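Undergrad: Return atomic coordinates for the entry below.
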Amino acid sequence: MDERAACPGVERRRAFAEHVVPEVEVLLRVALSLTAQPADAEDLVQETLLRAFRAVDRFDGRHPRAWLLTIMRNAEANRHRRRRPQLLDDPDADLDRFAVSPAGRAASPEELVVGEAFDDAVEAAVAALPGKHRQAVLLVDVNGLTYAEAARVLGVPEGTVMSRLHRARRRIRDRLVGAGAAPGRGAT
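TA: Alright, predicted model coming up:
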């Protein structure tokens with residue numbers, strides 16, 4: 001009798017350890033990008049790992065990261081279907097306070113770059129992006145995924161990822177300029 005047929009659980013655990021376990025760190029980073037909340041990200045990774053464990057005997061062993069990111073994208077889509085929509089706050093209300101320094105004068109470039117206000121302004125600008133654009137920025141610019149990897153996670157073509165990134169970066173730059181946290185075009 002074949003050992004694999006006698007112990008399908010052993011083969012499943014071996015395949016899981018070989019293909020899935022090495023990708024857990026990447027899954028957590030991507031999940032944080034998709035959910036923006038550590039607890040939600042951990043739940044999403046757990047759901048992804050459970051689904052992967054159940055299906056690992058049907059996995060051909062090629063491109064485990066792409067396979068896992070597809071599972072994660074589907075799990076995240078299912079999570080959104082189960083949740084009720086939430087109202088968004090108006091992020092514009094907080095941006096006015098960044099135009100001047102605490103001393104009441106225009107902030108120097110050094111103060112903006114080093115200051116906490118700059119970090120807050122960037123965070124607010126990213127948070128104000130539409131969800132699709134924010135996800136692209138977080139996956140590529142924050143987590144360092146390639147355009148192709150981000151496209152697989154989001155389930156869209158690479159060109160769509162590139163387009164979303166272009167629009168998102170422009171919106172972030174415009175918000176930072178409007179908040180006084182970055183020089184406008186033509187400024188040196």
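Undergrad: For burial, what's the neighbour tally of Ala39?
TA: For Ala39, the tally of surrounding residues (other Cβ atoms under 10 Å) stands at 8. All C-beta spots, glycine's among them, are computed from the backbone N, C-alpha and C.
Undergrad: That one is in what secondary structure piece?
TA: helix 38-55 (DSSP states H and E).
Undergrad: Need the contact partners of the helix or strand that that helix is followed by.
TA: Elements were assigned by DSSP H and E; along the chain past helix 38-55, the next helix or strand is helix 64-82. Helix 64-82 is contacted by residues 19-20, 22-23, 26-27, 30-31, 34-35, 44-45, 47-48, 51-52, 55, 59, 149, 152-155 when judged by Cβ atoms under 8 Å, 6 or more residues apart in numbering.
Undergrad: Touching the host helix or strand of Gly159 from outside, list them.
TA: In this assignment (DSSP H and E), Gly159 forms part of helix 158-178. Counting by Cβ under 8 Å, 6+ apart, helix 158-178 makes contact with 95, 121-122, 124-126, 128-129, 132-134, 136-137, 139-141, 147-148, 150-151, 154, 182-185, all of which sit outside it.
Undergrad: Next, report how far that helix is displaced from the centre of its chain.
TA: The gap between where helix 158-178 is centred and where its chain is centred comes out at 15 Å by Cα atoms, centre = their mean, to the nearest Å.
Undergrad: buried residues in it?
TA: If you call a residue buried by 16 or more other Cβ atoms under 10 Å, then helix 158-178 has these buried ones: Thr160, Val161, Arg164, Leu165, Arg167, Ala168, Arg171, Ile172, Arg175, Leu176, Gly178.
Undergrad: Let's see the pLDDT reported for the residue nearest to the spatial centre of the chain.
TA: Averaging the C-alpha coordinates of the chain gives a centre point, and the residue nearest to it by Cα atoms, centre = their mean is Ser33 (2.1 Å). The score at Ser33 is 87. That number is its pLDDT.
Undergrad: Name the nearest residue to it, ignoring sequence neighbours.
TA: Of all residues not flanking Ser33 in the chain, Leu138 sits nearest, at 3.6 Å (Cβ to Cβ, 6 or more residues apart in numbering).
Undergrad: Next, the angle from the strand or helix carrying Asp120 to helix 158-178.
TA: Remark: Asp120 resides in helix 116-127, with elements defined by DSSP H and E. With axes from the mean of the first three to the mean of the last three Cα atoms, to 10 degrees as the criterion, the two stretches helix 116-127 and helix 158-178 enclose an angle of 140 degrees.
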